[in-house]
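A.B. asks: got a predicted structure here, sequence first:
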Amino acid sequence: MSDVFGIQAVRAVLRESSDRARCLYLLRGRRDARINELIDLAKSAGVRHQAVDNIWFRRRVQAAAHQGVILECHEIALTGEAEFYQNWDTLPTAPLILLLDGLTDPRNLGACLRTANAAGVDAVLLPKRKSAPLSAVALKTAQGGAEGLQIVEITNVARALKQLQQRTMWVIGADGDADTSYLDMDAKSGTVLVMGSEGKGLRRLTKENCDQLVQIPMRGHVSSLNVSVATGVLLFEVCRQRD
């Protein structure tokens, strides 16, 4: 089981993935239009709701603002690699895939998932090891962006990239030391965008398995962008090119 907390994230689950929901917990004494909407959504989906006190909330969620709302859920079902490749023909003609190689901050993961959803990404690939889990913090940051996304758990990044290249996908890695600007990439065909970890970026072996490395030119004093911001810049450049 996992908890989804925060009004917008809970609303997204009740609207789009209500089969995951088990119980809606509300802070006793809080009733407003947004809370009433959640109660109505829960009733429509056949999900029970319960009012609990603030001490219960503090014990259940210690590290984040819950806004007086927690939805107890089944875990998000991740797609396995074998199933993903077996169903490859169900993807669009020129898929857009985001591979997150070693993000460790759940907030960055959540922000990337939200952006991926907004950009119409067809699948997000996450390494099984050395990656932030799809925790309550990540799901709250995603604010519903994880719902409806195909999230694929992969065992080996380099091997996954080779598998994708065999399916005529063009692999573009984000690297601050690259010679090519992201504005010069060509992402009109099937594209895999690979983003590295917060501190070290792409690993050496991952870089070696990319078809192209691109960087976002910095015009001010900072030397790099947060990984979730960089992901947004690159994904929406892909959208611009395809539009």
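C.D. replies: Perfect, thanks for sending it.

A.B. asks: got the contact list for the longest helix anywhere in the chain?
C.D. replies: Across the chain, the helix with the greatest residue count (assigned by DSSP state H) is helix 227-242. For helix 227-242, the external contacting residues (CB atoms under 8 Å, 6 or more residues apart in numbering) are 94, 96, 98, 103, 107-108, 111-112, 115-116, 119-121, 172, 174, 182-183, 185-188, 191, 193, 195-198, 214, 216, 224-225. Placement of C-beta: from N, CA and C, glycine included.

A.B. asks: buried subset of those as a ChimeraX selection?
C.D. replies: Only the buried entries of these go into this ChimeraX selection, using 16 or more other CB atoms under 10 Å:
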select :96,98,103,107,108,111,112,115,116,119,121,172,174,182,185,187,191,193,195,196,197,198,214,216
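
A.B. asks: from the contacts of helix 227-242, which ones fall inside helices?
C.D. replies: 107-108, 111-112, 115-116.

A.B. asks: and the two most separated of those?
C.D. replies: Maximum pairwise distance in these, criterion CB to CB, is 14.8 Å, between Arg107 and Ala116.

A.B. asks: for the protein, which segments count as strands?
C.D. replies: Along the chain, counting by DSSP state E, strands occupy 2-5, 21-27, 48-52, 69-73, 79-80, 96-100, 123-127, 151-154, 170-174, 180-181, 191-195, 212-215.

A.B. asks: any idea which of those strands is most buried?
C.D. replies: Of the strands of the chain, the one with the most neighbours on average (mean count of other CB atoms under 10 Å) is strand 191-195, at a mean of 26.

A.B. asks: just the CA coordinates for it, please, in CSV.
C.D. replies: Extracted in CSV, the C-alpha atoms of strand 191-195 (Å, rounded to 0.1, in the frame of the first residue of the first chain):
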residue,chain,number,x,y,z
THR,A,191,13.2,9.7,-29.6
VAL,A,192,14.5,8.6,-26.2
LEU,A,193,15.5,11.5,-24.0
VAL,A,194,18.0,10.5,-21.3
MET,A,195,18.4,12.6,-18.2
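
A.B. asks: run the angle between that strand and helix 106-118 for me.
C.D. replies: Interaxial angle of strand 191-195 relative to helix 106-118 (axes from the mean of the first three to the mean of the last three CA atoms, to 10 degrees): 160 degrees.

A.B. asks: quick one: contacts for the most centrally placed residue in the chain?
C.D. replies: In the chain, the C-alpha nearest the mean C-alpha coordinate belongs to Leu113, at 1.9 Å (CA atoms, centre = their mean). The contact partners of Leu113, by CB under 8 Å, 6+ apart, come to 124, 138, 142, 145-146, 149, 151.

A.B. asks: so Ala116 is in contact with Ala142, correct?
C.D. replies: No: counting by CB atoms under 8 Å, Ala116 stays clear of Ala142, with 9.1 Å between them.

A.B. asks: any idea how far Ala230 is from the closest residue to Leu14 other than its chain neighbours?
C.D. replies: Distances taken as CB to CB, 6 or more residues apart in numbering place Leu41 nearest to Leu14, at 4.0 Å, with adjacent residues excluded. Distance, Leu41 to Ala230, using CB to CB, to the nearest Å: 34 Å.

A.B. asks: same question, Ala116
C.D. replies: 13 Å.

A.B. asks: same question, Pro106
C.D. replies: 18 Å.

A.B. asks: ok, Gly145 next?
C.D. replies: Gly145 is 17 Å from Ala230, by CB to CB.

A.B. asks: cool, thanks, signing off.
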